[in-house]
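S.K.: Curious how this folds, go ahead:
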Amino acid sequence: MKGKLIVLSGASSIGKDRVKDALLEDKELGLLYAISMTTRPMKEGEEDGVDYYFTDYKSFANAVKNKELLEYTEFNGYYYGLPKDQVNFLMSHGKNVLVDVEAEGVGPIKLNVPEALCIFMLPKTIEDLEAHIHDVYGDDTADANVRINKARMEMEISSLFRNQVVMDDFDRSYEEIKKLIKEYIAE
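M.R.: Alright, predicted model coming up:
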């Protein structure tokens with residue numbers, strides 16, 4: 001039996017990592033995570049092959065040229081992409097795979113895996129998200145503004161997602177996402 005692909009996306013700084021981590025820890029779901037590759041430098045505490053596959057620009061460009069990525073994007077001068085082989089291998093072995101991608105990456109994924117479950121995480125209001133971003137970035141208004149502009153752009157395309165979850169209360173929102181995933185896996 002072939003595994004299924006679950007794609008988690010959302011507005012910038014909405015909390016995708018927290019939801020992703022909770023989903024992966026949930027033994028009832030039994031999801032495996034597909035690791036993206038990136039050209040950005042490794043941060044302290046990160047591990048190659050665990051957090052990302054860290055690579056150089058030339059290798060990343062070759063992966064794009066050779067159509068080895070399900071999707072890819074650029075953010076802050078660095079590239080991020082999801083290796084096709086990894087996802088296909090896991091799914092072909094009956095594993096249900098979770099990926100988290102930027103909103104613009106969902107279109108290319110759906111072209112390759114049309115049956116994928118795609119979930120977009122929305123803020124209660126854009127004002128709430130902007131306040132959260134300003135709290136996170138403090139005095140770094142340039143970075144905060146980049147994140148806010150990115151979030152606004154992502155919100156513009158959120159209507160393309162059939163499955164949208166408002167992140168107003170983590171526990172309630174998580175349960176809603178989990179329910180969507182359980183129903184999809186059971187199909």
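S.K.: so where do the strands sit in this protein?
M.R.: If you assign secondary structure with DSSP state E, the strands in the chain sit at 5-10, 32-33, 37-38, 53-54, 69-75, 78-83, 97-100, 117-122, 163-166.
S.K.: Mind checking the pLDDT average for the longest one?
M.R.: What it means is strand 69-75. The average of the pLDDT scores along strand 69-75 is 92.
S.K.: Same check on stretch 110-127?
M.R.: So the average pLDDT for stretch 110-127 ends up being 91.
S.K.: again with stretch 7-20
M.R.: The predicted confidence, averaged over stretch 7-20, sits at 90.
S.K.: And the contacts of it?
M.R.: Surrounding stretch 7-20, the residues in contact under the criterion CB atoms under 8 Å, 6 or more residues apart in numbering are 23, 33, 98-103, 105-106, 109, 116-123, 129, 132-133, 136, 147-148, 150-151, 154-155, 158, 161, 167, 170, 173-174, 177. For every residue, glycine as well, the C-beta is placed using N, CA and C.
S.K.: in the chain, which spans are helices?
M.R.: For the chain, the helices defined by DSSP state H cover 16-25, 57-65, 84-92, 106-112, 126-137, 141-157, 170-186.
S.K.: how about CSV for those, with mean neighbour count and distance to Met1 added?
M.R.: Converted to CSV, the helices of the chain look like this (neighbours: other CB atoms under 10 Å; distance: least, CB to CB, whole Å):
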stretch, mean neighbour count, distance to Met1
helix 16-25, 15, 21
helix 57-65, 13, 29
helix 84-92, 17, 10
helix 106-112, 16, 20
helix 126-137, 15, 39
helix 141-157, 16, 33
helix 170-186, 14, 11
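S.K.: what comes into contact with stretch 129-138?
M.R.: Ala11, Ser12, Ser13, Ile14, Pro123, Asp143, Ala144, Arg147, Ile148, Ala151.
S.K.: ok, now which ones touch the fifth one?
M.R.: With contacts taken as CB under 8 Å, 6+ apart, Pro123 has the following neighbours: Ala11, Ile14, Leu129, His132, Ala151, Val166, Met167.
S.K.: Out of those residues, which comes closest to Met42?
M.R.: Distance ranking of the contacts of Pro123 against Met42, using CB to CB, places Ile14 first at 24.3 Å.
S.K.: Can you report phi and psi for the closest residue to Tyr79 other than its chain neighbours?
M.R.: Using CB to CB, 6 or more residues apart in numbering and skipping the chain neighbours, the partner closest in space to Tyr79 is Thr39 (4.7 Å). Comment: the main-chain dihedrals of Thr39 come out as phi -100, psi 0, following degrees, to the nearest 10.
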